[in-house]
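> What follows is a predicted protein model with its sequence.
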Amino acid sequence: MQRYFIEEIDNGRPIFSKEQTHHIVNVMRMKSGDRITIVYQNESFLCELENNNPLSMKIIEKLNEDHELHNDVTLLYCLPKGEKLELVVQKATELGVNEIILVQSERCIAKITKENKDKKLLRLNKIALEASEQSKRTKVPLIKEVISYKELSKFHFDHQFIAYENEGDLSFKAHIEAIKENESIGILIGSEGGFSPSEVEKAKEAGYISVSLGKRILRSETAVFYALSTIGFVLENK
């Protein structure tokens, strides 16, 4: 069933954007009686199409869905090269993150400049929206920050981790098991070159715990999937 995030409901009827209206009417070619799910203010509703010219939907019932993690997880991701960032945003959304903060670290090859920042963030937020619809989420992760590494200390979470390939402690799962419901989590993942020793020390000074993601060296994007999958699996099976 198609799913759309909307920003307004008027007299019990959802108000769709031009792009959503085009998708419903011209792409999906929905007819009277067809049903969709809408998400409004983090709540989902079943809707039925009354008319498609002009488009009119009525809300049938509120749905009781539970597709979200019960902890806010923020991914702090150092910019990778190529098109990996779009893949990471898509999969991180599917894996339940609440927010993605992009970080320019010492070994980042890719850069987001002031000139292309707005266009890039618009594209990434659209990917997050589509991934939220596909994975039946009731939240769309925010991607609004591109920060320098020294700005890490501006952000605080109940539990803060930095994934470091030279960390010998393999107790990442144990750290996650100790997290209580509703406590926030920040996980910092490096780009292709990883972190320099001085960056790891700076993160520790900011309250981050250095953790290993296993015995093998992972690619940057794989590290994201591994870390978020571990967090989701452990938290959802406590």
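Here it is on my side, so go on.

> Local confidence estimate at the closest residue to I6 other than its chain neighbours?
Take I6 and drop its neighbours on the chain: the residue closest to it by Cβ to Cβ, 6 or more residues apart in numbering is P14, 4.9 Å away. Glycine gets a C-beta too; all of them are placed from N, C-alpha and C. P14 carries a pLDDT value of 94.

> Okay, and P14 sits in which element?
strand 13-15 (DSSP states H and E).

> Show me how far that strand is from its chain's centre.
Here strand 13-15 is found 26 Å from its chain centre; the criterion is Cα atoms, centre = their mean, to the nearest Å.

> Neighbouring strands - and their directions - for that strand?
strand 8-10 (antiparallel) (DSSP bridges).

> Distance from the longest helix along the chain to the middle of the chain?
In the chain, taking DSSP state H as the definition, the longest helix is helix 114-134. For helix 114-134, the distance from its own C-alpha centre to the chain's C-alpha centre is 11 Å (Cα atoms, centre = their mean).

> quick one on the thing from earlier: right, and the helix or strand after the strand holding P14?
Counting by DSSP H and E, the next helix or strand C-terminal to strand 13-15 is helix 18-22.

> Distance from the chain centre to that next one, please.
Distance of helix 18-22 from the chain centroid (Cα atoms, centre = their mean) equals 24 Å.

> got the angle between the following helix or strand past that helix and helix 114-134?
Going down the chain from helix 18-22, the next helix or strand is strand 35-40, by DSSP H and E. Interaxial angle, strand 35-40 versus helix 114-134 (axes from the mean of the first three to the mean of the last three Cα atoms, to 10 degrees): 130 degrees.

> and strand 35-40, which strands flank it?
Here strand 35-40 has these sheet partners by DSSP bridges: strand 3-5 (parallel), strand 43-52 (antiparallel).

> May I see the buried residues of it?
Buried residues in strand 35-40, counted by 16 or more other Cβ atoms under 10 Å: I36, T37, I38, V39, Y40.

> check contacts around I187.
V73, T74, L75, L76, F161, I162, A163, A227, L228, I231 (Cβ atoms under 8 Å, 6 or more residues apart in numbering).

> and if we set it to 7 Å?
L75, L76, F161, A163, A227 (Cβ atoms under 7 Å, 6 or more residues apart in numbering).
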